[in-house]
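Peer 1: The sequence and its predicted three-dimensional model are supplied below.
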Amino acid sequence: MARIAIVTISDRASRGEYEDLGGPAIERWLRRVLAEPCEFVRRIVPDGLESVRDVLIELCDQAGADLILTTGGTGPSPRDLTPEAMRQVITKELPGFGELMRQASLQHVRTAILSRQTAGVRGRSLIINLPGKPASIDVCLSAVFPAVPYCLELIGAGSIAVHPSMLEQRD
């Protein structure tokens, strides 16, 4: 059974001042497209370089997450440091994920060019940075997820099975 970690990155949500909407949106989306059960691991951490870096290392190295999906911290504000933290953790960046997410998002919102999502690999873990808004999460996951099962296979991670309609988009 694959282990999927969902990390919400938000100062306010980590303090309990704001309801985490991104993490539950990711889990709902995954439950719609996954054809087999998986184990979900959830975390909420504040914005910032160290907090994000440390949770990513823990999820990759100790928790053995096959796939880590982050939400939040990808904008241009001073505390949005998710991509920088991820770059300190990964051994290979996969910039095509971010390129495709921005391209798909631009069809819905003109400010998508401000988003700095990306993806990368650490050991046998694939990490994908997603935006914080549930509607944007849906757009971004729909765009890139057809490549995820194959990427997990290539890096030796646990396999995930998705409904055939999702794989029809993969070429």
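Peer 2: Yes, it's here. Keep in mind that this is a model prediction, so the values were computed, not measured.

Peer 1: which ones are touching Gln117?
Peer 2: For Gln117, the contacting residues are 74, 83, 97-98, 101-102, 128-131, 140, by CB atoms under 8 Å, 6 or more residues apart in numbering. To be clear about C-beta, it is placed using only N, CA and C from the backbone, and glycine gets the same treatment.

Peer 1: meant to ask about Pro149
Peer 2: So Pro149 contacts 159-162, 167 (CB under 8 Å, 6+ apart).

Peer 1: So what's the residue count around Ile113?
Peer 2: The number of residues packed near Ile113 is 10, by other CB atoms under 10 Å.

Peer 1: Next: the one 5 residues further on.
Peer 2: Other residues within reach of Thr118, judged by other CB under 10 Å, total 23.

Peer 1: neighbours around Glu93, how many?
Peer 2: Glu93, neighbours per other CB under 10 Å, totals 16.

Peer 1: now it: how far from Gly120?
Peer 2: Distance, Glu93 to Gly120, using CB to CB, to the nearest Å: 5 Å.

Peer 1: Need the overlap of contacts for these two.
Peer 2: Arg87.

Peer 1: Surely Gly64 is in a helix?
Peer 2: No. Read with DSSP: H, G, I helix; E, B strand; the rest coil, Gly64 is coil and lies in no helix.

Peer 1: Would you double-check that Tyr18 falls in a helix?
Peer 2: No. Secondary structure of Tyr18 (three-state DSSP): coil, not part of a helix.

Peer 1: Excluding chain neighbours, give the residue nearest to it in space.
Peer 2: Nearest residue to Tyr18, sequence neighbours excluded (CB to CB, 6 or more residues apart in numbering): Arg12, at 3.6 Å.

Peer 1: So for that neighbour, what's the pLDDT?
Peer 2: Note on Arg12: pLDDT of 95.

Peer 1: Figure out how far stretch 115-131 is from the centre of its chain.
Peer 2: Mean C-alpha position of stretch 115-131 versus that of the full chain (CA atoms, centre = their mean, to the nearest Å) differs by 6 Å.

Peer 1: Span of that stretch from start to end?
Peer 2: 7 Å (CA to CA, to the nearest Å).
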